[in-house]
Structures are given as structure tokens and as C-alpha cells.
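>>> Next come a sequence and a model predicted from it.
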Amino acid sequence: MFDVLHPVLIFLLTAGIKEFFARVLSKEVPPVASVVIAAGVSFVVIFANALGGLIPAAQLALVGQIVAAIVAMFGAFGVRATVRMFSK
């Protein structure tokens, strides 16, 4: 089933990962690498969504917290990059 928030999540995570690597490497991410990052993020989000049912009930809360922390970190970088892009 299609979730409306998946494209938004993929966009924010892609922008966040690009911003993170730009900060770590101190140079901009090339456009080709942006496409590869977007494809990788899309694959991981859709694949992880499909595998969600295989997580044992005992570890579901732990896995959810770890994923939420990772998404929040890269999502924050993505929001910052998006706001900066629109403010120019």
C-alpha cells in the first residue's frame, strides 16, 4: 500500500545524508552521487517497510527507537538543507 509520507521521508533523508556528507567531507556532493544516495535511501525505506513484519515482538520497541533516532538525525539535516535551499 502506498503511504503518502514515504516520498517526504525519502526526500528529507536524502537531503539530510547529502548535508551530513557535505559537512563531514567539507565539499558538496556531486549530482551523480545525489542520485545514488536517493536510490539507496528509497531502497532502504521500502525494503525496511516490507521487513517490518519479521521483527519479533520483543525487539519491536528497540528497533523502532533505533530507526526513529536515525531518521530524526538525518531528517533534521534534511530540513535544514531544504529550508536553506528555499531561503536563497
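That came through fine.
>>> Phi, psi for residue 26 please.
Residue 26 adopts backbone torsions of phi 60, psi 30, taken as degrees, to the nearest 10.
>>> And the spatially most central residue of the chain, how far from residue 23?
For the chain, the residue nearest the mean C-alpha position is residue 13 (2.4 Å; Cα atoms, centre = their mean). Noted for residue 13: a distance of 16 Å to residue 23, by Cβ to Cβ, to the nearest Å. Using the backbone N, CA and C atoms, a C-beta is placed for each residue, glycine as well.
>>> Tell me how many other residues surround residue 75.
Burial measure for residue 75: 18 neighbouring residues, criterion other Cβ atoms under 10 Å.
>>> list the contacts for it?
Contacts for residue 75 (Cβ atoms under 8 Å, 6 or more residues apart in numbering) come out as 9, 12-13, 16.
>>> ditto for residue 84
Counting by Cβ under 8 Å, 6+ apart, residue 84 touches no other residue.
>>> This structure: strands as residue ranges?
Under the criterion DSSP state E, the chain carries no strands.
>>> biggest helix in this structure, by residue count?
Scanning the chain for the longest helix, with DSSP state H as the assignment, gives helix 60-87.
>>> in that one, what's buried?
By 16 or more other Cβ atoms under 10 Å, the buried positions in helix 60-87 come out as 71, 74-75, 77-78, 81.
>>> which one of those sits closest to residue 52?
residue 71 (13.6 Å; Cβ to Cβ).
>>> wait, doesn't residue 41 sit right on residue 15?
No: Residue 41 lies out of contact with residue 15 (Cβ atoms under 8 Å); the separation is 9.7 Å.
>>> quick one, which of these two is more surrounded?
For residue 41 versus residue 15, neighbours defined as other Cβ under 10 Å are more numerous around residue 15 (24 against 21).
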